[in-house]
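Engineer: from the sequence below, what's the structure:
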Amino acid sequence: MAFGGTQPPYLNPAIPFTGIIQGGLQDGLQITISGTVIYSNGNRFAVNFQTGYNDNDIAFHFNPRFEEGGYVVCNTKQKGSWGPEERKMQMPFQRGCPFELCFLVQSSEFKVTVNGNLFMQYSHRVPFHHANTICVTGAVQLSYISFQPPGIWLASSAPINPMIPPMAYPTPTYPIPFFTSIPGGLYPSKSITVSGTVLPSAQRFYINLCSGRDIALHLNPRFDENAVVRNTQINSCWGSEERSLPRQMPFSRGQSFLVWIMCEASCLKLAVNGQHLCEYYHRLKNLPAINSLEVGGDIQLTHVQT
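Structural biologist: Numbering: from 1, shown residues only. Coordinates of the predicted model:
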């Protein structure tokens, strides 16, 4: 489900994977790949940003190789011909270990971050907007590929503090409970994403959108009740619970998840793993005052975008 023009993520894509980047690469677009390096399928994997479904034109080829101590090859292919290789003689990935790989498109280069640390920059050799497809191959298993478009906070018809960009925390490990601010508070078209992994023995976890000591949205998956409870707390008093869902419990013990929360004028729209979950109508009406996020319970967080 797309929220406010945001491309929904690709969930658990089978490798090799090729998928369209809606609107192509743009200055400010961030693409995040969450996965694990596996022991089979050879000693390499690759991420290509290319034109269409064939590989004749690849704007950026990112190719970790677990050979000769480990290194990463980067290159560009034009009309079927590779250019000169750029090699980074470091290996930020480990076999059998999860990773979060982020590509930030900028006007002059790609910035590549691995597990929250800047790994390298790759200067554009061709116009990056020609690339409209992402292709992933090799020795990886992926949880998701997500897209954070530039200027999403400017998309509101009546934005509050529209020049405040969203906060991003690409750190692979977070303290639980986790607290952070929501810059500018909520307003129509504002989106928030939270991704992580449910612990194998999980009973419950929660995502709270807060206004001071009040909780505007309490999203509370309960594995001990096989329910996803939504509620609001005002002046330390809980309101009436909402539990109905259009489909089965979308969270699973031991599995990764991606929660999208999209603010509209009358309600919050919630999606899990790219599928619509429910709508939650605002009980606290002062949206800009809903300006903090709290996540806790039986999960490991991997990414938060407010």
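Engineer: where are the low-confidence patches of the stretch 1-150 of the chain?
Structural biologist: Applying pLDDT under 70 to the stretch 1-150 of the chain flags the ranges 1-6.
Engineer: 80 instead, please
Structural biologist: 1-8, 11-12, 41, 149-150 (pLDDT under 80).
Engineer: show me where it has its strands.
Structural biologist: Along the stretch 1-150 of the chain, counting by DSSP state E, counting those that start in this stretch, strands occupy 10-11, 17-20, 30-37, 45-50, 58-65, 71-78, 81-82, 86-88, 98-105, 109-114, 117-123, 133-138, 140-148.
Engineer: want to try JSON lines for these, with mean neighbour count and distance to residue 265 as columns?
Structural biologist: C-beta here means a position set from N, CA and C on the backbone, and glycine is covered the same way. JSON lines is the format used below for these (neighbours: other CB atoms under 10 Å; distance: least, CB to CB, whole Å):
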{"stretch": "strand 10-11", "mean neighbour count": "18", "distance to residue 265": "28"}
{"stretch": "strand 17-20", "mean neighbour count": "15", "distance to residue 265": "30"}
{"stretch": "strand 30-37", "mean neighbour count": "21", "distance to residue 265": "27"}
{"stretch": "strand 45-50", "mean neighbour count": "22", "distance to residue 265": "36"}
{"stretch": "strand 58-65", "mean neighbour count": "23", "distance to residue 265": "39"}
{"stretch": "strand 71-78", "mean neighbour count": "18", "distance to residue 265": "44"}
{"stretch": "strand 81-82", "mean neighbour count": "10", "distance to residue 265": "51"}
{"stretch": "strand 86-88", "mean neighbour count": "14", "distance to residue 265": "47"}
{"stretch": "strand 98-105", "mean neighbour count": "21", "distance to residue 265": "31"}
{"stretch": "strand 109-114", "mean neighbour count": "18", "distance to residue 265": "35"}
{"stretch": "strand 117-123", "mean neighbour count": "14", "distance to residue 265": "38"}
{"stretch": "strand 133-138", "mean neighbour count": "20", "distance to residue 265": "33"}
{"stretch": "strand 140-148", "mean neighbour count": "21", "distance to residue 265": "23"}
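Engineer: out of these, which gets nearest to residue 275?
Structural biologist: Shortest distance between residue 275 and these, using CB to CB, is found for strand 10-11: 8.6 Å.
Engineer: just the residues contacting that closest one, thanks.
Structural biologist: The list of residues contacting strand 10-11 from outside it, by CB atoms under 8 Å, 6 or more residues apart in numbering, reads 17, 19, 142-145, 258, 273-274.
Engineer: if we go to 6 Å?
Structural biologist: 19, 144-145, 273-274 (CB atoms under 6 Å, 6 or more residues apart in numbering).
Engineer: chain center to stretch 256-263: distance?
Structural biologist: Remark: stretch 256-263 is offset 9 Å from the chain centroid, using CA atoms, centre = their mean, to the nearest Å.
Engineer: ok, stretch 289-305 next?
Structural biologist: The chain centroid and the centroid of stretch 289-305 are separated by 13 Å, computed with CA atoms, centre = their mean.
Engineer: can you list the domains in this protein?
Structural biologist: 10-148, 152-305 (automatic domain parsing).
Engineer: what about the stretch 201-306 of the chain, any weak spots by pLDDT?
Structural biologist: 273-275.
Engineer: now do the strands in it.
Structural biologist: Under the criterion DSSP E, counting those that start in this stretch, the stretch 201-306 of the chain contains strands at 205-211, 214-222, 227-234, 237-238, 256-263, 267-272, 275-281, 292-297, 299-305.
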